[in-house]
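1. sequence-free structure coming up:
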């Protein structure tokens, strides 16, 4: 997700740079135009002044004005800056089209979506972000009151906990962690200790060493078995209660510690709900942003060749996505160099090596003869190969 966001920022920055170049060229062109116009006006005003002072013969004055205007050569002066502006303007739409392609219809298939499911995903996204009123408004306008109704109250609780933490109030978070302590332990989470950690430092930061020691004795004992080193570090803070910000433990005062715990709480909260930490809508959009450019490029080539891709089960070109978007194992046959599919699944051979089914069929002449494994000298009988599920 982070890599995708960074890539989007880089693309938008390049677009901003292109816009800045156009704006700069336009500013230079306007400035040059104004300069030339001022020169022309100045010469005309001089000529008018001369003609008003000696109204007998205007021809020499007009001839001199014509000469001056010819020397100024306004068209020649403006030609260079205007040409640079036109070049910049012609390149900018191409940059816009490259990054913000207006037509993506050729890169997707017409699939009927379950509107209830889509509404549920969108509403849940708003509730995840704490945008309760926006989520409610969306559900009302969508006319689907059942969508994400259960998620509303659950994520509203999470949002209230996080809002309290932003106000340095740990009580709602600690109450939730205590209620779900057994499940948190099953998940291997030390969230409870982290919350007690923040509370201990908060008390000590107020200069109340005795109160902090009392809090530690009451709440740290149950964590001593697995987290003694961390508890000892916190006990060391007691020596610097009046000058903690100047001590070796000054890093414990960083607001970042609160952000880290809030993130862990959100992760565990979603985990206990059976939900992913990242919003499904955010992940889908981020993956689409990353996969769309190569798809558009491929579809443009296919359209040029007048080939149909809608009926393809698998694209003939890979669409690379970052690891954060890869939720299933992928197997590429070492013989055919092709990715496995439902029709061409990975097969486990008796020797322990794996090939795709089509490669085994080809090497065994459709099971009529044995063949040697490409990686070891074992003779393989195709009938002894089994379908492998990752």
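-> It's in. The structure presented is a predicted model; accordingly, all values stated were derived computationally and were not measured. Numbers count the residues shown, from 1 in each chain.
2. any low-confidence regions in the stretch 251-390 of the chain?
-> 303-316 (pLDDT under 70).
3. now the strands for it?
-> Here the stretch 251-390 of the chain has its strands, by DSSP state E, counting those that start in this stretch, at 346-348, 354-356, 371-372, 379-380, 386-387.
4. would a markdown table of those with distance to residue 22 be doable?
-> The C-beta positions use only the backbone N, C-alpha and C, and glycine is treated the same way. A markdown table is the format used below for the strands of the stretch 251-390 of the chain (distance: least, CB to CB, whole Å):
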| stretch | distance to residue 22 |
| --- | --- |
| strand 346-348 | 53 |
| strand 354-356 | 52 |
| strand 371-372 | 64 |
| strand 379-380 | 64 |
| strand 386-387 | 59 |
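5. Comparing the ones you listed, which stretch has the densest surroundings?
-> Sort the strands of the stretch 251-390 of the chain by mean neighbour count, taking mean count of other CB atoms under 10 Å, and strand 354-356 sits at the top with a mean of 23.
6. what's the offset of that one from the middle of its chain?
-> 35 Å (CA atoms, centre = their mean, to the nearest Å).
7. same check, this time on stretch 210-226
-> Put simply, stretch 210-226 sits 40 Å off its chain's centre (CA atoms, centre = their mean).
8. Show me which residues of that stretch are buried.
-> Buried positions in stretch 210-226, judged by neighbour count with 16 or more other CB atoms under 10 Å: 212, 213, 215, 216, 219, 220, 223.
9. who touches it?
-> Stretch 210-226 has contacts (CB atoms under 8 Å, 6 or more residues apart in numbering) with 190, 192-193, 196, 199-200, 203-204, 231, 234-235, 237-238, 241.
10. re earlier: including distance to residue 262 and secondary structure, could the buried residues of stretch 210-226 go into TSV?
-> Output for the buried residues of stretch 210-226, formatted as TSV (distance: CB to CB, whole Å; DSSP: H, G, I helix; E, B strand; the rest coil):
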residue	distance to residue 262	secondary structure
212	22	helix
213	26	helix
215	21	helix
216	22	helix
219	19	helix
220	21	coil
223	20	helix
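11. residues contacting the nearest residue to residue 180 once chain neighbours are set aside?
-> Spatial nearest neighbour of residue 180, chain neighbours left out: residue 272 (6.1 Å); criterion: CB to CB, 6 or more residues apart in numbering. Residue 272 is in contact with 180, 183, 187, counting by CB under 8 Å, 6+ apart.
12. Likewise for residue 268?
-> By CB under 8 Å, 6+ apart, the contact set of residue 268 is 180, 184, 187, 189, 191.
13. so how far is residue 168 from it?
-> As judged by CB to CB, to the nearest Å, residue 268 and residue 168 stand 20 Å apart.
14. just residue 282 next, same as before
-> In terms of CB to CB, residue 282 sits 28 Å off from residue 168.
15. So between the two, which is more surrounded?
-> Just comparing residue 282 and residue 168: by other CB atoms under 10 Å the higher neighbour count belongs to residue 282, 16 against 10.
16. from what I can see the more buried one touches residue 124, true?
-> No - using CB atoms under 8 Å, residue 282 and residue 124 do not qualify as a contacting pair, with a distance of 10.9 Å.
17. what's the overlap in contacts for those two?
-> Overlap between the contact sets of residue 282 and residue 124, as judged by CB under 8 Å, 6+ apart, is nil.
18. sorry, back to before: need the contacts of residue 268 in TSV (columns: distance to residue 54, pLDDT and secondary structure).
-> Listed next are those as TSV, based on distance: CB to CB, whole Å; pLDDT from 0 to 100; DSSP: H, G, I helix; E, B strand; the rest coil:
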residue	distance to residue 54	pLDDT	secondary structure
180	100	92	coil
184	100	91	helix
187	99	88	coil
189	97	89	coil
191	95	92	helix
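19. Tell me the buried residues within those.
-> 180, 184, 189, 191.
20. so what's the last one up against?
-> The reference is to residue 191. Neighbouring residues of residue 191 by CB under 8 Å, 6+ apart: 177, 184, 261, 264, 265, 268.
21. Take these and keep only those in helices.
-> 177, 184, 261, 264, 265, 268 (DSSP state H).
22. biggest helix in this protein by residues?
-> From DSSP H, the single longest helix across the chain is helix 2-53.
23. Which parts of the helix or strand following it count as buried, going by neighbours?
-> Proceeding N to C from helix 2-53, the next assigned helix or strand is helix 59-72, under DSSP states H and E. For helix 59-72, the neighbour count (16+ other CB under 10 Å) marks 61, 65, 68 as buried.
24. One more: stretch 173-193?
-> Of the residues in stretch 173-193, 173, 174, 176, 177, 180, 184, 189, 190, 191, 192, 193 count as buried by neighbour count, 16+ other CB under 10 Å.
25. JSON lines for the residues you listed, including distance to residue 302?
-> Shown next, in JSON lines, are the buried residues of stretch 173-193 (distance: CB to CB, whole Å):
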{"residue": "173", "distance to residue 302": "53"}
{"residue": "174", "distance to residue 302": "57"}
{"residue": "176", "distance to residue 302": "52"}
{"residue": "177", "distance to residue 302": "54"}
{"residue": "180", "distance to residue 302": "51"}
{"residue": "184", "distance to residue 302": "51"}
{"residue": "189", "distance to residue 302": "48"}
{"residue": "190", "distance to residue 302": "52"}
{"residue": "191", "distance to residue 302": "50"}
{"residue": "192", "distance to residue 302": "55"}
{"residue": "193", "distance to residue 302": "56"}
